[in-house]
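K.L.:
Could you look at this predicted model? Sequence included:
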Amino acid sequence: MAYFLWDDTGIAHFMRHFEPEIESQFYALPSNVERSDVFRVLVSKWIGGIYGDMDTEPTRPPSKWVAPADLQPWQDPETGKAYNSTEPVKGIVGLEADCLPDSDLYWRMGYFYPIQLTQWSFAWAPGHPILQLFIDRLFATIQAVSEKNGGQLQSDLSRKALYDIDPLNLTGPVAFTDAARGWLETNCGLRWNALSGLADGGLSKLVGDVLVLPITGFSPGRGQYRNMGSKPVTDRSARLIHHAQGSWRKTSLLVEYGKFCRTFFGRCRDWSKVPHNWLF
């Protein structure tokens, strides 16, 4: 396979060629990590392929990420609805969080949803509507911020408003999960929490043309403590390991306090999980 690493110059050329209508909004995003979140989606939309963060490592060749066992029919254990799609796979996503929806475990671990997708790796055929939905929702938010501040996206008020939105919700895995969930629920009748692998040992689930991998797919080897069903790196369902270096994050005592408060006391649920909007 060919590997591509996009630098700032390449990103600028790409935006000018493929997405000139949203170039100014793209560069109005508060940080490089948010532009990175968006750019991986735009490249997938126009070119397609497999994306992986710099701190990810495939555990088997991506050409073997889809096996016949992954495409088997499956059934929602709560509603009885059967999923037996025969469409070609045009998207591969993986779970980042897999928790019981009626427990507090997911938000105590720092996740927004009990079933949440990872954004550190995915694969797409070009032009998938989920990717466009992600872009449309993001830039609708940016447009709303601009209009609220007199149509001046570059004003201090607009910049602060965007800066105050948690990047996980603006461009990160929460926003990505929202786009995938919205499209799959609307077009495939999916009950989102049916994607959990806790009751079936972690099976892959094909929904329409999107293959949803269990948590082991892109997050194997989480250990025994709150692993959400994650199996060892050597398990056959593992495709890629995420080393979680988090080089984009800055250390913040306030964020660490929130994490401690959530984990051990079950409080501070809405405390920001990243030091994006704190000067500390």
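P.N.:
Perfect, I can see it now. Everything numeric here is computed off the predicted structure, so don't read it as measured data. Numbering: from 1, shown residues only.
K.L.:
The lengthiest helix in the chain packs against which elements?
P.N.:
For the chain, the helix with the greatest residue count under DSSP state H is helix 129-148. Helices and strands touching helix 129-148, by 3 or more Cβ pairs under 8 Å, 6 or more residues apart in numbering; DSSP states H and E, are helix 23-28, helix 32-46, helix 156-163, helix 173-188. Every residue, glycine included, has its C-beta placed from N, CA and C.
K.L.:
list the buried ones in the second one?
P.N.:
What it means is helix 32-46. By neighbour count on 16 or more other Cβ atoms under 10 Å, the buried set for helix 32-46 is 33-45.
K.L.:
which one of the helices and strands packed on helix 129-148 lies closest to Trp74?
P.N.:
Closest of the helices and strands packed on helix 129-148 to Trp74 is helix 173-188, at 12.6 Å (criterion: Cβ to Cβ).
K.L.:
returning to that earlier point: minimum distance to Ser103: which of the helices and strands packed on helix 129-148 has it?
P.N.:
Closest among those, once you apply Cβ to Cβ, is helix 173-188, at 18.1 Å.
K.L.:
ok, Asp178 touching Asp136?
P.N.:
No: using Cβ atoms under 8 Å, Asp178 makes no contact with Asp136, being 11.5 Å away.
K.L.:
who has more neighbours, those two?
P.N.:
Using other Cβ atoms under 10 Å as the criterion, Asp178 and Asp136 rank with Asp178 on top: 19 against 12.
K.L.:
With adjacent residues omitted, what lies nearest to the more buried one?
P.N.:
Distance criterion Cβ to Cβ, 6 or more residues apart in numbering; nearest residue to Asp178, sequence neighbours excluded, is Arg137 at 6.8 Å.
K.L.:
In contact with the one you found, which residues?
P.N.:
Ala175, Asp178, Ala179 (Cβ atoms under 8 Å, 6 or more residues apart in numbering).
K.L.:
again with Tyr106
P.N.:
Ala97, Cys99, Phe112, Tyr113, Pro114, Gln116.
K.L.:
after the one helix or strand it maps to, next one along is what?
P.N.:
With elements taken from DSSP states H and E, the one containing Tyr106 is helix 105-108. The helix or strand immediately downstream of helix 105-108 is strand 115-117, counting by DSSP H and E.
K.L.:
what pairs with that following strand, and is each one parallel or antiparallel?
P.N.:
Strand 115-117 pairs in its sheet with strand 91-98 (antiparallel), by DSSP bridges.
K.L.:
Next, the angle helix 173-188 makes with the partner strand.
P.N.:
Strand 91-98 and helix 173-188 are oriented at 120 degrees to each other (axes from the mean of the first three to the mean of the last three Cα atoms, to 10 degrees).
K.L.:
Burial check on the closest residue to Ser196 other than its chain neighbours, number of neighbours?
P.N.:
Of all residues not flanking Ser196 in the chain, Asp98 sits nearest, at 5.4 Å (Cβ to Cβ, 6+ apart). Asp98 has 24 neighbours, counted by other Cβ under 10 Å.
K.L.:
same thing with Ile142?
P.N.:
Residues near Ile142, counting by other Cβ under 10 Å: 21.
K.L.:
Read off the pLDDT value for the nearest residue to Thr118 once chain neighbours are set aside.
P.N.:
Take Thr118 and drop its neighbours on the chain: the residue closest to it by Cβ to Cβ, 6+ apart is Glu96, 3.6 Å away. Glu96 is assigned 96 on the pLDDT scale.
K.L.:
Next: Ser158.
P.N.:
pLDDT, read off for Ser158, is 86.
K.L.:
Just give the closest residue to it, not the sequence neighbours.
P.N.:
Spatially, and ignoring its direct neighbours in sequence, Ser158 is nearest to Asn149 (4.4 Å; Cβ to Cβ, 6+ apart).
K.L.:
Verify the stated contact: the one you found with Ser155.
P.N.:
Yes: between Asn149 and Ser155 a contact is recorded at 5.5 Å, counting by Cβ under 8 Å.
K.L.:
All set, thanks.
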